[in-house]
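Chemist: what shape does this take:
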Amino acid sequence: MEFSIIAAMTALLQYLYFGVEVGRARGRTGVPAPAVTGNEEFERTYRAHLNTAEQLVMFLPALFASAWLIGDVYGAVFGVVFVVGRAIYFRRYVREPGSRGPGMLLTAIANLALMLGGLVGAIVSLLG
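Modeler: All right, here's what the predicted structure looks like:
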């Protein structure tokens, strides 16, 4: 499952980078900790980071389940789709929230494919 592990670690490094971007936005816009409101640019950066955390909750277990039960390449391919989708989502949401759709769509496709892969793989394994 090395390819899927690489995809998972890349997603976590990306999440860490997004957190750094939140800190940078806080400094750039003068929003003092622990406030999470007060400047629209900061709020968009913060919310894009938080949305990524919400998506990771589905992504990581689904990635490992589908990689284990369907195959490493299957997991890794949709892992890459997830990471690309998150990058697009983050950049577009920070710049113009209304343009986040393509990134969210890629994220949703990846998560759905991984969840269905894990589910179908488990059912086939039980029946097989």
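Chemist: next, the buried residues of the helix or strand harbouring residue 23.
Modeler: In the assignment (DSSP states H and E), residue 23 maps to helix 2-29. Within helix 2-29, the residues that qualify as buried are 3-5, 7-8, 11, 14-15, 18, 21-22, 25-26, counting by 16 or more other C-beta atoms under 10 Å. All C-beta atoms are positioned from the backbone trio N, CA, C, and that covers glycine.
Chemist: distance to residue 54 and pLDDT added to the residues you listed, as JSON lines?
Modeler: Below are those laid out as JSON lines (distance: C-beta to C-beta, whole Å; pLDDT from 0 to 100):
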{"residue": "3", "distance to residue 54": "25", "pLDDT": "98"}
{"residue": "4", "distance to residue 54": "21", "pLDDT": "98"}
{"residue": "5", "distance to residue 54": "22", "pLDDT": "98"}
{"residue": "7", "distance to residue 54": "18", "pLDDT": "98"}
{"residue": "8", "distance to residue 54": "17", "pLDDT": "98"}
{"residue": "11", "distance to residue 54": "13", "pLDDT": "98"}
{"residue": "14", "distance to residue 54": "14", "pLDDT": "98"}
{"residue": "15", "distance to residue 54": "11", "pLDDT": "98"}
{"residue": "18", "distance to residue 54": "12", "pLDDT": "98"}
{"residue": "21", "distance to residue 54": "17", "pLDDT": "98"}
{"residue": "22", "distance to residue 54": "15", "pLDDT": "98"}
{"residue": "25", "distance to residue 54": "19", "pLDDT": "98"}
{"residue": "26", "distance to residue 54": "20", "pLDDT": "97"}
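Chemist: downstream of the helix or strand residue 57 falls within, the next helix or strand is which one?
Modeler: For residue 57, the element it lies in under DSSP H and E is helix 40-69. Helices and strands here follow DSSP H and E; after helix 40-69, the next one along the chain is helix 72-95.
Chemist: what comes up buried for that following helix?
Modeler: For helix 72-95, by 16+ other C-beta under 10 Å, it's 72, 74-83, 85-90, 92-94.
Chemist: what angle do it and helix 40-69 make?
Modeler: Angle of helix 72-95 versus helix 40-69, following axes from the mean of the first three to the mean of the last three C-alpha atoms, to 10 degrees, is 170 degrees.
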